[in-house]
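[1] I would like the atomic coordinates for the input below:
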Amino acid sequence: MKIKIVSIAGKLPNWVAEGVSDYERRLPREIRLEWHTLPLAERRKDRSAAQLNEIEGEGLLKHIKPDDYVIALDVKGRRETTEAWAQHWQTWLSLRQDILFLIGGPDGLDTRCLARANLRLSLSDLTLPHALVRVVLIEQLYRAWSIGIGHPYHRA
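    Next up, the predicted model:
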């Protein structure tokens with residue numbers, strides 16, 4: 001299974017790479033992760049949030065193949081329990097498609113990205129900093145995998 005995470009981000013603190021790397025090492029080799037980080041659109045006074053989203057959305061959409069199963073991380077997406085993520089994990093495994101997560105910039109995702117998504121999920125009702133989203137996402141993917149194999153990492 002290949003999981004691609006495509007995101008819009010500026011410079012990230014070192015602890016993000018350390019946290020992500022820790023969970024990547026825990027996943028089995030059959031789970032291949034690809035991280036693609038695209039730069040923020042240049043913030044200027046003459047550009048609205050919608051225009052910035054459109055620019056950033058162009059870059060995100062270029063990474064989506066027609067047969068990818070796309071999951072948009074969106075503040076207005078479905079809020080799921082960890083157990084529901086584990087059920088999604090089993091579904092994703094059965095799809096035999098690449099799974100692609102989209103993480104937008106400071107203003108979220110372009111409407112075209114949201115429209116292309118097969119699923120829109122929210123990681124929290126809280127507003128999370130972009131750097132933390134990466135760590136929370138990889139941890140939840142690891143947790144979903146561990147539940148699926150009966151690993152004792154998750155304690156419900």
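
[2] and for residue 91, the neighbour number?
    Around residue 91 there are 10 other residues, counting by other C-beta atoms under 10 Å. C-beta: built from backbone N, CA, C; applies to glycine.

[3] where does it sit, in terms of helix or strand?
    Assigning secondary structure by DSSP states H and E places residue 91 in helix 82-95.

[4] mean confidence score for that helix?
    Mean pLDDT, computed over helix 82-95, is 90.

[5] give me the buried positions along that helix.
    Along helix 82-95, these residues count as buried under the neighbour rule (16 or more other C-beta atoms under 10 Å): 85-86, 88-89, 92.

[6] got a markdown table for these, with distance to residue 146 too?
    Written out in a markdown table, the entries for the buried residues of helix 82-95 read as follows (distance: C-beta to C-beta, whole Å):
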| residue | distance to residue 146 |
| --- | --- |
| 85 | 11 |
| 86 | 8 |
| 88 | 14 |
| 89 | 10 |
| 92 | 15 |
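
[7] any idea which element residue 45 lies in?
    In this structure, residue 45 sits in neither a helix nor a strand according to DSSP H and E.

[8] what about it, distance to residue 88?
    For residue 45, the distance to residue 88 under the criterion C-beta to C-beta, to the nearest Å works out to 41 Å.

[9] which residues does the residue lying closest to residue 125 once chain neighbours are set aside contact?
    With C-beta to C-beta, 6 or more residues apart in numbering as the criterion, residue 125 has its nearest non-adjacent residue at 6.6 Å, and that residue is residue 79. Residues touching residue 79, when contacts are defined by C-beta atoms under 8 Å, 6 or more residues apart in numbering, comprise 121-122, 124-125.

[10] thanks a lot, see you next time.
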